[in-house]
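Novice: Just to be clear, the model below is a prediction. Sequence and coordinates:
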Amino acid sequence: MTLSKRACLPSLKIMNRIFILLGMLTLFGCAEKLKPTVVPVTGRLPDQESWHSTIEFSDSGTVRGVLKAGRLWVFNDQNKTYLGDSLRVDFYDSLGRHTSFLTADSGIVDNTNNNLEAIGNVYAHSDSGTSLWTQRLFWNNSTQKVTSDVFVKIESPKEDIQGTGFESNRDLSDYRIFNVSGESKGKH
C-alpha cells in the first residue's frame with residue numbers, strides 16, 4: 001500500500017508541532033538548571049567560587065588563623081571575599097598555639113588587609129573559658145583586636161555581662177564592654 005504526499009502532510013504538520021513543543025519543554029525544563037550562581041549581596045558573578053574551603057593566615061611562617069567556610073565568593077574588583085553557609089575561624093598566638101575560635105552564619109573578608117566581619121549568630125570562645133555571643137563582630141588584623149558595635153553577651157569564669165559595644169584582644173582575655181549591664185561572680 002502506498003501513501004500519497006497529500007495523505008502524509010497532516011501527519012508531518014502534527015509531528016513538527018510535537019517536536020517544537022518537546023523542544024520548548026526541554027528548554028524551559030532546563031532553564032532553572034542553567035542559571036548561574038549569583039551572590040545575593042552583589043547581584044554579580046564572582047571571579048572565584050568555592051565550597052568547603054579552608055584558608056590559612058600566617059605571619060613569618062607561623063599560622064595565625066585558619067578560616068573554614070561552607071561557601072565563599074571572591075570579587076577581585078572589590079578586594080572582598082564573601083563567606084556563607086557558616087564559617088569558623090581558629091586563632092593562634094605568635095608561637096602557633098590555639099587561643100580561641102569564632103563561628104558565624106556568614107562573613108566578609110577585606111582581601112587588602114585580612115580584616116573580617118562576622119555576621120549572624122556570632123559565637124566566640126577562648127581556650128581560657130570566656131564565651132561571647134553577638135550578631136556582628138569585627139576582626140582588625142593590623143591591631144589584632146576584636147570589636148562589635150551591637151549588643152554583646154560575655155560569660156567568663158569571673159563574670160556574666162552584656163552591653164552594646166565591645167573591644168578585646170584575640171583570645172578574649174582583655175576585653176571592654178560599653179554600656180554594660182551584668183554581674184560579677186564570686187567575691188566583690
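Specialist: In hand now; what should we look at?

Novice: so after the helix or strand bottoming out on mean pLDDT in the chain, what's the next helix or strand?
Specialist: Least confident helix or strand, the chain: helix 5-34 with a mean of 49, by mean pLDDT, DSSP states H and E. The helix or strand immediately downstream of helix 5-34 is strand 48-59, counting by DSSP states H and E.

Novice: Give the partner strands of the following helix or strand past that next one in its sheet and their orientations.
Specialist: Following strand 48-59 in sequence order, the next helix or strand is strand 62-75 (DSSP H and E). Applying DSSP bridges, strand 62-75 is found paired with strand 48-59 (antiparallel), strand 80-92 (antiparallel).

Novice: Name the residues that touch the shortest one?
Specialist: Think strand 48-59. For strand 48-59, the surrounding residues in contact (C-beta atoms under 8 Å, 6 or more residues apart in numbering) are 37, 63-74, 85, 94, 114, 141. Glycine gets a C-beta too; all of them are placed from N, C-alpha and C.

Novice: before we move on, back to that, rank the strands paired with strand 62-75 by mean pLDDT and give me the bottom one.
Specialist: Mean pLDDT across these is lowest at strand 48-59; the value there is a mean of 90.

Novice: Show me what counts as buried in that strand.
Specialist: Neighbour counts over strand 48-59 (16 or more other C-beta atoms under 10 Å) mark S53, I55, F57 as buried.

Novice: Figure out the helix or strand that the nearest residue to D93 once chain neighbours are set aside lives in.
Specialist: Excluding the flanking residues, the one nearest D93 by C-beta to C-beta, 6 or more residues apart in numbering is T99, at 5.2 Å. Following DSSP H and E, one finds T99 within strand 98-104.

Novice: so that strand versus strand 80-92, what angle?
Specialist: Here the directions of strand 98-104 and strand 80-92 differ by 150 degrees (axes from the mean of the first three to the mean of the last three C-alpha atoms, to 10 degrees).
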